[in-house]
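Colleague: generate coordinates for the sequence data below:
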Amino acid sequence: MKISNSAHTIIAIGLMALISCSSKEKKEDTIVKDTAINVIVATPMDSNNETVNISGQVTASQTANISTRVMGYITKLNVKVGDNVNKGQLIATISNNDIIAKRGQAEAMMAEADAALISAKKDYDRFTALYKQQSASAKELDNVKLQYNAVKAKVVAAKEMRNEVNAMLEYTSLTAPFAGIVTQKFTDAGNIVNPGMPIVSIEQKDSYEISASVPETEINAIKQGATVVVNIKSANKSFNGTVTQINQSSQFSGGQYIIKVSIPNPEKKGLFAGMYADLSLSKPKATDSKEVSMVTVPTSSIIKKDDLTGLYTISANNTALLRWVRLGKTIGDNVEVLTGLEKNEQFIVSADGKLYNGEPVIVKK
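Modeller: You can find the predicted model right below:
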């Protein structure tokens with residue numbers, strides 16, 4: 001079967017059109033991915049759960065006040081607030097001339113005791129030999145042995161004195177116990193410090209967590225490992241944390257029970273100790289509870305336009321879709337959604353940019 005020249009031409013044009021469309025689709029797909037906005041999504045809180053809302057603060061899991069055990073002048077202070085320090089890095093030095101002098105005395109006493117021990121050992125060995133030859137009495141041997149043991153005790157005492165002086169000398173060179181950042185400086189070089197007086201405060205790097213106080217009426221509802229919805233307004237962050245620690249006593253915290261909530265590593269960037277955080281977690285209701293179930297979302301996710309309220313969901317094409325909803329009562333930092341959102345439907349909590357209807361989005365993992 002022969003194909004005419006016109007047929008060849010039509011087929012070629014068709015192939016070129018298909019290739020052109022395919023290239024255009026790939027290009028458009030690349031552009032969409034490059035311009036898509038990163039978003040964080042969540043589902044409404046379980047409607048059959050009651051919410052506990054508390055406040056907390058971002059804190060470092062490990063902090064240390066650097067101080068000394070000796071009295072003296074600060075001869076050198078090598079750091080300032082905001083400096084990063086490594087473990088073992090020299091922070092400050094304290095005047096130590098008097099301790100160095102004491103170390104010299106201890107070394108002299110040590111040398112004297114060692115010399116006396118050598119002499120006493122020779123006397124003891126000689127009298128032991130004489131006693132075996134019956135040329136010395138048992139009393140004479142006992143006296144020499146007692147003197148030898150006394151000198152040995154002096155050597156031990158001299159060594160311990162030298163160790164004590166060396167230990168005190170170490171407290172005049174203050175080093176960082178761990179890698180961190182200097183958050184406070186309490187004094188300056190040239191000032192005199194007393195034992196236990198803090199010089200600088202250091203917080204460990206990348207060790208942020210949230211510390212919150214829970215009243216006794218709510219503490220039984222909080223369990224180790226429970227998921228907590230965290231909202232830090234000053235840093236524009238919303239994420240899920242986990243209860244890692246529950247203090248079992250409120251004796252020294254004003255009747256409040258202190259809990260610790262972990263922060264995922266990617267969310268620690270941009271945080272500073274002392275930032276306030278709003279925490280929400282749900283507690284199971286009694287099985288015989290007959291309260292009407294409700295769907296609640298964070299108030300920060302609500303969009304207001306004139307008299308309308310809504311929030312953004314994600315369409316099947318991975319674009320932002322504004323959904324108008326009717327709201328009910330406000331519960332802490334959450335608000336009840338009466339209509340417009342199903343309890344298992346995902347909505348956008350926060351975004352890295354301004355959202356519009358149809359805007360391409362990518363969900364953060």
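Colleague: residue 223: what secondary structure?
Modeller: Reduced to three states with DSSP: H, G, I helix; E, B strand; the rest coil, the structure at residue 223 is coil.
Colleague: list the contacts of it.
Modeller: Residue 223 sits next to 243, 246 when contact means CB atoms under 8 Å, 6 or more residues apart in numbering. All C-beta spots, glycine's among them, are computed from the backbone N, C-alpha and C.
Colleague: what do you get if the cut-off is 7 Å, keeping everything else the same?
Modeller: Contacts here follow CB atoms under 7 Å, 6 or more residues apart in numbering; on that basis residue 223 touches residue 243.
Colleague: any idea of the pLDDT on residue 12?
Modeller: Here the pLDDT value assigned to residue 12 is 52.
Colleague: domain assignment for this structure?
Modeller: As given by automatic domain parsing, the domain ranges for the chain are 51-61+207-284, 63-201.
Colleague: can you list those in a markdown table and add distance to residue 327 and mean pLDDT?
Modeller: Converted to a markdown table, the domains of the chain look like this (distance: least, CB to CB, whole Å; pLDDT from 0 to 100):
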| stretch | distance to residue 327 | mean pLDDT |
| --- | --- | --- |
| domain 51-61+207-284 | 16 | 87 |
| domain 63-201 | 41 | 91 |
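Colleague: relative to residue 355, which of those domains is closest?
Modeller: Of all the domains of the chain, it is domain 51-61+207-284 that lies closest to residue 355, at 14.0 Å by CB to CB.
Colleague: which residue is nearest the middle of this protein?
Modeller: In the chain, the centroid-proximal residue (CA atoms, centre = their mean) is residue 207; its distance is 1.6 Å.
Colleague: isn't it up against residue 60?
Modeller: Yes. Look at residue 207 against residue 60 with CB atoms under 7 Å: they come within range, at 5.2 Å.
Colleague: follow-up on the earlier one: to residue 338, which of the domains of the chain lies closest?
Modeller: Evaluated over the domains of the chain, closeness to residue 338 peaks at domain 51-61+207-284, with 16.7 Å, by CB to CB.
Colleague: my guess is residue 202 contacts residue 85. True?
Modeller: Yes. Using CB under 7 Å, residue 202 and residue 85 qualify as a contacting pair, with a distance of 6.5 Å.
Colleague: overlap of the contact sets of the two?
Modeller: By CB under 7 Å, 6+ apart, residue 202 and residue 85 have these common neighbours: 176, 180, 182.
Colleague: which of these has the largest number of neighbours?
Modeller: residue 180 (24 neighbours; other CB atoms under 10 Å).
Colleague: show me how far the longest helix along the chain is from its chain's centre.
Modeller: With DSSP state H setting the assignment, residue counts place helix 97-132 as the longest helix in the chain. Using CA atoms, centre = their mean, to the nearest Å, the mean C-alpha position of helix 97-132 is found 53 Å from that of the whole chain.
Colleague: about what we covered before: CSV for the shared contacts of residue 202 and residue 85, including distance to residue 354?
Modeller: As requested, the shared contacts of residue 202 and residue 85 are arranged in CSV below (distance: CB to CB, whole Å):
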residue, distance to residue 354
176, 43
180, 37
182, 38
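Colleague: list the buried residues for stretch 294-309?
Modeller: Neighbour counts over stretch 294-309 (16 or more other CB atoms under 10 Å) mark 294, 295, 296, 297, 298, 301, 302, 309 as buried.
Colleague: go on, stretch 258-271?
Modeller: By neighbour count with 16+ other CB under 10 Å, stretch 258-271 contains the buried residues 258, 259, 260, 261, 262, 263, 267, 271.
Colleague: so the last one is in contact with residue 60, correct?
Modeller: No. With contact defined as CB under 7 Å, residue 271 and residue 60 do not form a contacting pair (10.2 Å).
Colleague: anything in contact with each of the two?
Modeller: residue 208.
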